[in-house]
Structures are given as C-alpha cells and as structure tokens.
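Peer 1: sequence first, then the predicted structure, then my questions.
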Amino acid sequence: MSTVDLPSAVDPGSCAASLADLEHFVETLLETLPIPIFYKDLDGRYRGCNRAFEAFTGYARGDVLGKTVHDVAAPEIAERYAERDRALYSEGGSQEYEWLVRRADGDVRNVKFHKALLTDRLGRASGLLGAYVDITDARRLAAVFENSKIGIMLLVGERRIAMANARLAEIMGYDSPEEMIGIGMREFHLSEARFDAFGADYYEPLRQREQVRVEYQLRRKDGTPVWCLISGTAVDRGRPADLAKGVIWVLDDITARKETERRLRESEHRYRRLVDGIGEVVFRIDRHARWTYVNPAFERVFGRSAAAAAGRPVIEQVHEDDRASLSAALVGLLQGSDDCYRARLRCRRHDGELRWVEIDAKPECDDAGRIWTLTGTLRDVTETKELAEMERRAAFQAGLAEMNASVLHNVGNAITAATHDAAAIVDGARDLGKIADMLERHADSVARAGGDPASRLAATLEVQRQIAAALRCLGDEQLQGPAASLTKSVGHVADLVRIQQHAELDEAHTVVDIGDVVNDALHMLGDLIGRLQVDVRVDIDPDAKTLTTARNQMLQALVNLVKNACDAISQRADGQAGVVRIHTSRDAEGTLVLSVSDSGCGFDGDARRLLRFGFTTKPGGHGFGLYSVVALARACGGDIEMRSDGAGRGAEVRLLLPER
C-alpha cells in the first residue's frame, strides 16, 4: 500500500458521535503503540506525535509541534530528513531507510524509518505519517559478530552455513564470509566418516539442550588441517531442540596451542632420552628408602648396574658417617615436613672406592596429595639445568586454554539468547502489521456503513478494545522484554570479546588497576559463578587498588584463584551456596595484599604441597593453576600464603606483592 487513505466525511448530523469516537480511538491507538510515530504537513512541520515518540527522543510534544526538522535536529541530521521528505512528497508511495536520531540528552541512535504519504478523501497529498524502530543494539551486535576474534557460524538444514563472520573465514582460509554461505559442513571435515561420526556424537546432546565443546581438527579451503576449539548450542530452546531452526557454533584456532603441546611431548621424550644418557644419576626412591629407578649413569658412579640397584636400600651406598644425616633427611621428606633436600655426601662404589656426590631430592605426591615417592639427582659435575621457562610457558598455555573455553561458552550462550530475543522482536513487528490491517479494515467499514449509529458505535468500541489489548500485550510482552535482554546480551558479548582479545603472554610491567582485572576475571567466570550461585563480594581498598606488574599474569592468577574457590564451594558436603571474598589492602611496609577467600570445602595439613608445580587433586587436572599464582608472586618479588581452618571450613589465599 503506497498511501494512507483517511475516511471520507459523512453526514455530521447522523454520525457525529461515531466520528468523535473514531477520532478518540485513533488517538488512543497511536498513544498505545510502543514505537515512535509522528506526522507532518506539506510544509514539513510536525503536527502530531505519540507518547513513544516523546519517550524515545526526550522531547515533549510541545517542543516539536509546529516546528520543522531544522528546528529540532542537528543540521547534519536534519538535512537528510528534509531531503527524504521532499522525495516522498514528490514521488508519493512509501519509504524505508536507516538514519540517525539525536535524543534531547545528546545520545545518537541508529533507527529504521517507515514513512507513507497522507492523502485526503480526494487523493490529494496532505502530509506524511512516519514511524521508526531503534536498531542501535542490532547494529552493535552485528559489529561484535563481524569484529570478533572468535569464529562464529549459524548452521541450518543439512548442516549448511547460513551466517558466518570474518574471523571464521580467516580461520578456514576463505576470502570472505559471503563465500562460505550455503557450504555444507562436509567440506570442512577431513573425511566422510569423520563428518558422520561428528553428527552421531554431538548432535544428539544438542537436541537435549546440552552445550557441546570439543577440540576437533577441521579442513581449510586449501585442504590443510586446522585444530579448533569448538563450542555449539541449539537455537531452539525446546527440549528436545528442533535443530532445523539452527545451531550456533563458535570456534577458535588452537593450532598454535596444539603445536606447543606436541613440542612439549617431544621435549619430554627428548628429556627421557637425555636422562638415560646423561652423566648425572637420576633416581626415584620409595617410602622405604629403596631405589625404584635409576638411570644408566648409576653404574658409572657406583659401579653397579641399574638393574642390580633396583629394590636395594639407598643407605648402603652411603658412607657410615653420613648415613644418620641422610636417614633423617629422607624421613623429613617422606613425612612432608621438608620440601626438598640438598647435601654433599660421601658414597662408596661397589668396588670400595669413596666418592663425594651432591644429592638433590624432593617428594612427589599422588592425586590424593599423599607422598608416595622421592625423586632427584646425584651428580659430581654441574647441576641439571632447570626447566623453569618451559614450566612457565606450559602453565600459561594451560591457563589461556581454560580462559578461552570460558569465553567461547559464554559467547555461545549470549549469542543464543540474542538470537532468540531478535526473533521475538521480529515476530512483534509482524504483529504490528496485523494490527494496522485491522485498523484499516475497520476504518473502511465505518466509512461505508449505514444504518443504526448506535450499532456502528458499539462495533467501533469493540474493535478499539481488541486492538488496545493486543497492543498492550505486544508492547509489554513481545517487544520491551526481548529488547532489554538483547541489549544485555550484546554488552556481555562485547565485554567477553574485549577480554579475550587482550589474553596474550605479555611480560611488560605496567600500572595495573586491580579492580579492572577483578571485573575481567569475574566476566570470564560468569557462567560458573551463576551456575553455582556463588555470592562474590569485592572490596578494593582505595589505597591498594593499583600495582606495577604484568596485567595478563595478574588476570590469569585471579581467574585460577576464583575458579578454585568456586570448585571448593561446589565440593561442600551440604551443597549450600557459598561466598567468595576478594579483598585488597596494604601492610605496614606498603606491600599490596590480595586476598581471595571462600566458604568451600577447605583442607587439612600443610598447604605448601598445593603450590608445587604439577600437583593436582582434580581428575584430569594439569596442576598448573596455583602454580601460575606462585609465578605471579615470584615475578613481583613477593610471596604467597595459604591457610584453612580444616576440612569444610573454607580457605584463604593471600598474595603479598611489593610495589616496585
């Protein structure tokens, strides 16, 4: 329909009441509509608007009625309005276009205009009627989608790509996202069998509304493989979900991380070969102080083969005068009262020759935290070069992978919510069209109807009540709620992408705002915190809010500390929701004290064992979490303290970080 036709005039003597009611009905209808509506005369002056127009622009109708766009809008915006209005008056019909609206408070919003020419009963132009929809949040979501550092795609139908962003095209080796539209996922799997197996393994969980996350190797456009961390969720919120409505997948290229892991495995293999061929003795001792493993260098030092040494007491190789001190040291290590032992001892070879050796030993714990063996080296030359750099890199890679997994999970949830809310808004827009059709049909029927004015009036009032009820339902339930939820989802995705973009290993020390880092860490863990219903309380002392350090190390340390605290709360026997407290202060020497405490399961015994590299009590854990916190403390020249009043009574970790 290109114009809006007003009802022809009727006999004022016979239909005055009906026409008055109709005018009241139209006014009520316009005021009830939740979208801004205005109308102008042929001179471009505003002659009317509704409450939604006032609420959106921040201008009272008295401030705009009788004025032109040049009176109420900035020049650079107003001229575009006037140009399009002139075109509508000249060409007739209707218009749809996107432009800007500057609110009274100065906020500029992107909107989509819908305008139509108004005509009188003789078909002559009398003005224009306009409405617009705020698309600012949709634009922002599109910007996040396009600029994300994580690949995002929507699969529909037979697992074909319906939407893709630039990062996905980059990861998969395509020139643009548009090139990927319509391509089936078979093209990205390394084989037909892998494509079928992926569908069988992961699409049934998606139907049950489960979040799918997997490390998987795909194929780029040029045929080369690429490792990806993939997270998927169904668009449909039903259970089982209708996957025909779409599945959103987010993925990140983890080829570099996989390469690091491969190199670590190769390094471990080379290290074992090195141990077997090294001149130093590498050993393992059981709880009864007997050799359980020695490398071939043992024979060179002691004159006895490695096989012959297995199961023999350590003490028999030691000079009689040094046995007491070694025995005491081994007892201390096995009981956990000492963390390490280094000493020079006199040892006797199998042929009786006396030799001085330097021994380094430390205890090793099982998954339950119990000391089960001692490991170390014996040498009479140089010490073994420490693999500190490899440990630090490995800790960071493991922590970064866990942080990226949280980003992917949260981004996937936020995008699913945004997609659902956008669909609800679209449905609401369709309903507006239906209401407009109802209004036009009623106006036509009133114009043509004859007979009893009372009957016509009753019919008019009934239609008015139906449309008012429908509009109220549409505004309250189908537009306002989804629009607010969509804005929240867009903000959450933007925050997560910002944090993920800065998660790089940067050793540069800068002045770091502790509060900002805490907020980023809580964003990363938002899903875990919400799922466990953890009450996180943050208290940043104004005198202890900054520190010169590596920001990303601080972020990783806080993520690990808060995650460990949440895990401890989840292990509470009573299953109650817990509290995590994050607090900063400065001691008398000016050292910044960062405390993270929880009301979780706590622990018994010496806390020092929890800080050892590689120690973990979690199934499938890597033992790098708390070690990354130790690395931060060391990098700052500080220290770390852990305490608990016992099992079931919570725990506290305190980082002591001096200002440099």
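Peer 2: Now that the structure is in, tell me what you want to look at.
Peer 1: quick one: the helices in the stretch 101-250 of the chain?
Peer 2: 136-147, 166-172, 192-207 (DSSP state H, counting those that start in this stretch).
Peer 1: just put these in TSV and tack on distance to Ile77, mean pLDDT and mean neighbour count.
Peer 2: C-beta here means a position set from N, CA and C on the backbone, and glycine is covered the same way. Formatted as TSV, those follow (distance: least, CB to CB, whole Å; pLDDT from 0 to 100; neighbours: other CB atoms under 10 Å):
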stretch	distance to Ile77	mean pLDDT	mean neighbour count
helix 136-147	15	80	17
helix 166-172	30	94	20
helix 192-207	46	92	14
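Peer 1: export the ones you listed as TSV, with columns for distance to Leu522.
Peer 2: Listed next are these as TSV, based on distance: least, CB to CB, whole Å:
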stretch	distance to Leu522
helix 136-147	20
helix 166-172	25
helix 192-207	28
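Peer 1: which one of these lies nearest to Cys228?
Peer 2: Between Cys228 and the helices of the stretch 101-250 of the chain, the shortest separation by CB to CB is 7.1 Å, and it involves helix 166-172.
Peer 1: hmm, who's touching the closest one?
Peer 2: With CB atoms under 8 Å, 6 or more residues apart in numbering as the contact definition, helix 166-172 has outside contacts at 146-153, 175-177, 179-180, 188, 218, 220-221, 226, 228, 251-253.
Peer 1: check contacts around Ala162.
Peer 2: Contacts of Ala162 by CB under 8 Å, 6+ apart are 154-156, 181, 246.
Peer 1: report the contact partners of the closest residue to Val235 other than its chain neighbours.
Peer 2: Excluding its sequence neighbours, the residue lying closest to Val235 (CB to CB, 6 or more residues apart in numbering) is Gly246, at 4.0 Å. By CB under 8 Å, 6+ apart, Gly246 lies in contact with 154-156, 162, 234-236, 419.
Peer 1: next one: Glu179
Peer 2: Ala169.
Peer 1: over to Leu334?
Peer 2: Going by CB under 8 Å, 6+ apart, the list of residues near Leu334 reads 287, 289, 363, 371, 374.
Peer 1: between those, which sits nearest Glu76?
Peer 2: Glu76 lies nearest to Pro363 out of the contacts of Leu334, by CB to CB, at 73.0 Å.
Peer 1: in a helix, Arg270, correct?
Peer 2: Yes: the assignment for Arg270 is a helix, going by DSSP: H, G, I helix; E, B strand; the rest coil.
Peer 1: count of neighbours near it?
Peer 2: Around Arg270 there are 11 other residues, counting by other CB atoms under 10 Å.
Peer 1: do the same with Leu610
Peer 2: Per other CB under 10 Å, the neighbour tally for Leu610 reads 23.
Peer 1: likewise for Gly637?
Peer 2: 12.
Peer 1: would you mind confirming that it is in contact with Leu655?
Peer 2: No: Gly637 lies out of contact with Leu655 (CB atoms under 8 Å); the separation is 11.9 Å.
Peer 1: that older thread, only whichever of the contacts of helix 166-172 are buried, select them in ChimeraX.
Peer 2: Listed next is the ChimeraX selection for buried residues among those, using 16 or more other CB atoms under 10 Å:
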select :148,150,151,152,153,177,180,188,218,226,228,251,252,253
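Peer 1: ok, Arg654 to Ala568 distance?
Peer 2: Separation of Arg654 from Ala568 (CB to CB, to the nearest Å): 16 Å.
Peer 1: my bad, should have said Glu268
Peer 2: 31 Å.
Peer 1: and for the closest residue to Gly184 other than its chain neighbours, the neighbour number?
Peer 2: Setting aside the residues directly before and after it, Gly184 is nearest to Arg160 in space (CB to CB, 6+ apart), at 4.9 Å. The tally of other residues near Arg160 (other CB under 10 Å) stands at 16.
Peer 1: check Arg465 too.
Peer 2: Other residues near Arg465 number 11, with proximity taken as other CB under 10 Å.
Peer 1: wait, a helix at it?
Peer 2: Yes: under three-state DSSP, Arg465 sits within a helix.
Peer 1: state the pLDDT value of it.
Peer 2: On the pLDDT scale, Arg465 is placed at 71.
Peer 1: where's it relative to Leu29, distance?
Peer 2: Counting by CB to CB, the gap from Arg465 to Leu29 is 11 Å.
Peer 1: swap in Ile150?
Peer 2: Per CB to CB, Ile150 is found 45 Å from Leu29.
Peer 1: please apply the same query to Ile514.
Peer 2: Where Leu29 is concerned, Ile514 sits at a distance of 55 Å (CB to CB).
Peer 1: the two - which one has more neighbours?
Peer 2: Ile514 (22 against 19).
Peer 1: just to revisit the earlier point, now the residue nearest to Val235, what are its backbone angles?
Peer 2: Dihedral pair for Gly246: phi 130, psi 150, per degrees, to the nearest 10.
Peer 1: count the residues that sit near Phe38.
Peer 2: 22.
Peer 1: and stretch 626-640, what's its mean pLDDT?
Peer 2: Computed over stretch 626-640, the mean pLDDT rounds to 77.
Peer 1: could I have stretch 199-215 exported to PDB, CA atoms only?
Peer 2: Only the C-alpha atoms of stretch 199-215 are listed here, as PDB (Å, rounded to 0.1, in the frame of the first residue of the first chain):
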ATOM      1  CA  GLY A 199      27.000 -35.800  13.800                       C
ATOM      2  CA  ALA A 200      26.400 -39.000  15.700                       C
ATOM      3  CA  ASP A 201      28.500 -38.000  18.700                       C
ATOM      4  CA  TYR A 202      27.400 -34.400  19.200                       C
ATOM      5  CA  TYR A 203      24.100 -33.600  17.600                       C
ATOM      6  CA  GLU A 204      22.000 -35.700  20.000                       C
ATOM      7  CA  PRO A 205      23.400 -33.800  23.000                       C
ATOM      8  CA  LEU A 206      22.500 -30.600  21.100                       C
ATOM      9  CA  ARG A 207      18.900 -31.800  20.800                       C
ATOM     10  CA  GLN A 208      18.900 -32.300  24.600                       C
ATOM     11  CA  ARG A 209      19.900 -28.600  25.100                       C
ATOM     12  CA  GLU A 210      23.400 -29.600  26.200                       C
ATOM     13  CA  GLN A 211      26.400 -27.300  25.500                       C
ATOM     14  CA  VAL A 212      28.900 -29.100  23.200                       C
ATOM     15  CA  ARG A 213      32.600 -28.300  23.500                       C
ATOM     16  CA  VAL A 214      35.300 -30.200  21.700                       C
ATOM     17  CA  GLU A 215      38.800 -29.900  20.400                       C
END
